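> any chance you could fold what I've pasted below:
(one chain, ligands or ions: 3)
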Amino acid sequence: MNSTSVESITTSEPAAKKVYIKTFGCQMNEYDSDKMVDVLHTAQGYQQTDDPEQADLILFNTCSVREKAQEKVFSDLGRVQHLKAKGVLIGVGGCVASQEGAAIVKRAPYVDVVFGPQTLHRLPELLDARRAERRAQVDISFPEIEKFDHLPPARVQGASAFVSIMEGCSKYCSYCVVPYTRGEEVSRPLDDVLAEVAHLASQGVKEVTLLGQNVNGWRAPFTKAAALNDTDPPLGDFALLLELVAQVPGIERIRYTTSHPNEFTQRLIDAYGRIPQLVSHVHLPVQHGSDRILMAMKRGYTALQYKSTVRKLRAVRPDLALASDFIVGFPGETDADFDALMRLVHDCQFDHSFSFIYSPRPGTPAANLEDETPQDVKLKRLQTLQAQLEANMKRFSQALVGTRQRVLVEGHARKPAHELMGRTMCNRIVNFEGPQRLAGQFVDVAITQAYAHSLRGDVVLSAEATAA
Ligand code: SAH
Ligand code: SF4
Ligand code: F3S
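Ligands and ions are numbered 1, 2, ... in the order given. This next block holds a predicted model:
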């Protein structure tokens with residue numbers, strides 16, 4: 001053996017362990033999955049793989065918001081069980097884990113670790129304990145916001161990034177599991193959020209999406225130094241946070257999701273007049289249009305109050321695209337209630353939205369309500385609602401044809417791969433031809449065609465570029 005080959009043997013690193021993560025549910029879960037990869041990479045050198053067959057560790061980041069989502073986990077777990085034979089570890093995190101805890105190990109004894117949304121930073125220790133003690137580890141506690149203090153700095157991919165600004169939810173809508181799975185609402189401190197945004201911006205991020213179940217419920221004490229003027233309330237609110245995020249150099253677009261109609265304050269509406277980086281696209285779930293149902297859902301507003309908020313917002317931003325969430329078939333929903341919902345949909349002109357049939361969740365107050373509506377009636381209502389929402393969306397897309405849209409280029413289009421893909425301010429996907437070097441940049445695109453879920457267009461060369 002010559003010296004070169006000895007050297008190549010001694011310096012060669014053992015192959016990095018690989019983690020495969022399958023994510024269900026909302027953007028909070030998407031964010032958490034990225035954090036799991038960061039934590040595992042920093043502590044134990046794991047690399048992410050998109051092939052479960054290659055993985056040493058398989059994680060499911062689960063959602064329990066509807067029964068269907070919850071059941072999916074167990075069928076998926078069954079599908080990877082055979083990989084245990086070659087020593088693969090299997091973990092379940094997220095909201096099903098939070099709700100079911102040790103019951104998951106009971107139902108699927110081959111699961112090695114169960115962890116909740118607030119304990120994902122403890123994954124490396126849980127895996128070590130699993131190996132040392134040779135038994136499944138379960139930690140679904142809610143150590144207040146500790147998670148953020150234990151996460152490595154975010155790794156940046158592309159020009160757009162998520163920033164979690166709060167955890168949990170304290171609204172307790174009568175149908176919803178989230179307060180039970182994610183715990184009470186806790187805001188992340190102002191300085192932490194701003195430091196994370198600045199860190200992202202320094203790495204080329206131009207668009208941030210602030211994340212939380214009700215981001216406009218964000219509250220934090222702020223230092224005098226951060227106060228903008230004397231009229232700011234004694235406690236920092238979401239409008240102030242937006243203002244401060246907008247001042248971070250390099251941040252050109254600000255999105256957030258989700259917001260709650262109850263806390264959509266005048267200060268927040270006014271912020272749309274002052275902050276040009278705030279996109280004209282708001283996801284403001286209404287859930288229903290009948291006051292009786294809204295009350296039973298414990299949403300805390302009427303259809304009229306919701307419409308009034310939307311009207312005020314559109315007065316400041318006439319081009320606002322409004323997205324929403326809807327639940328049909330809530331216990332006791334009559335034809336008249338459903339008509340009220342359809343009237344609201346007509347009045348508010350929602351853009352791309354999400355709609356669901358009510359799914360009773362164990363442990364929530366609504367699960368005990370008498371529900372006499374037959375399933376086929378619920379399905380019919382969902383179809384009627386979705387057809388209307390789809391028609392609205394088509395109309396909005398069609399209206400964009402012939403306009404020029406500023407698009408943040410994300411990278412390759414899915415099909416055909418030589419094309420580029422980006423998003424308009426109103427969150428529409430646009431495909432167009434252009435050089436790869438435009439990835440991560442803003443470009444103006446003239447929209448030429450509208451499809452069901454995307455647009456097509458041509459890059460518009462700026463006057464300087466044409467002159468050069
Ligand atoms: N915090 C957000 C949404 C969280 S859950 C909000 O309050 O608006 C995402 C969506 O799932 C909800 O907006 C609601 O439309 C839907 N959802 C929640 N619980 C549900 C249930 N039990 N059955 C059907 N849909 C549900
Ligand atoms: Fe669930 Fe209501 Fe909280 Fe939204 S606000 S997460 S629907 S309890
Ligand atoms: Fe689902 Fe939990 Fe999000 S229940 S929607 S993953 S907060």
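
> immediately after the biggest helix by length in the chain, which helix or strand?
For the chain, the longest helix by residue count, based on DSSP state H, is helix 375-400. Later in the chain than helix 375-400, the nearest helix or strand by DSSP states H and E is strand 404-412.

> show me which residues of that next one are buried.
405, 407-410 (16 or more other CB atoms under 10 Å). Where you see a C-beta, it was placed from the backbone N, CA and C, and this is true even at glycine.

> ditto for stretch 103-123
Within stretch 103-123, the residues that count as buried by 16+ other CB under 10 Å are 104-105, 108, 110-123.

> now do stretch 338-354
338, 340-341, 344-345, 348, 350-353.

> pick out the most distant pair among the buried residues of strand 404-412.
Using CB to CB, the two most remote members of the buried residues of strand 404-412 are Q405 and E410, lying 14.2 Å apart.

> quick one: neighbours of the closest residue to ligand 3 within the chain, just the number.
Residue of the chain nearest ligand 3, by CB to the nearest ligand atom: G25 (2.8 Å). Look at G25: counted by other CB atoms under 10 Å, it has 22 neighbours.

> what does the pLDDT read for the nearest residue to it once chain neighbours are set aside?
Distances taken as CB to CB, 6 or more residues apart in numbering put C63 closest to G25, at 2.8 Å, once the chain neighbours are dropped. Among the per-residue scores, C63 shows a pLDDT of 95.

> where along the stretch 251-400 of the chain do the strands fall?
Under the criterion DSSP state E, counting those that start in this stretch, the stretch 251-400 of the chain contains strands at 253-257, 281-283, 321-323, 325-328, 354-357.

> out of those, nearest to D444?
Counting by CB to CB, D444 lies closest to strand 253-257 out of these; the figure is 14.4 Å.

> relative to strand 404-412, how tilted is the closest one?
70 degrees (axes from the mean of the first three to the mean of the last three CA atoms, to 10 degrees).

> can you pull the pLDDT of V186?
Reported pLDDT for V186: 89.

> tell me how many other residues surround it.
So V186, with other CB under 10 Å, has 17 neighbours.

> cool, and the one 4 residues further on?
Residues lying near L190 (other CB under 10 Å) number 20.

> can you tell me how far the residue lying closest to S359 once chain neighbours are set aside sits from A132?
Of all residues not flanking S359 in the chain, R66 sits nearest, at 3.9 Å (CB to CB, 6+ apart). According to CB to CB, to the nearest Å, R66 stands 37 Å off from A132.

> how about the residue of the stretch 1-150 of the chain found nearest ligand 2, phi and psi?
Closest contact between the stretch 1-150 of the chain and ligand 2, by CB to the nearest ligand atom, is at V65 (7.9 Å). The phi and psi values for V65, taken as degrees, to the nearest 10, are phi -70, psi -30.

> doesn't G25 make contact with it?
Yes - between V65 and G25 a contact is recorded at 6.6 Å, counting by CB atoms under 8 Å.

> list residues touching both of the two?
Counting by CB atoms under 8 Å, 6 or more residues apart in numbering, the shared contacts of V65 and G25 are C95.
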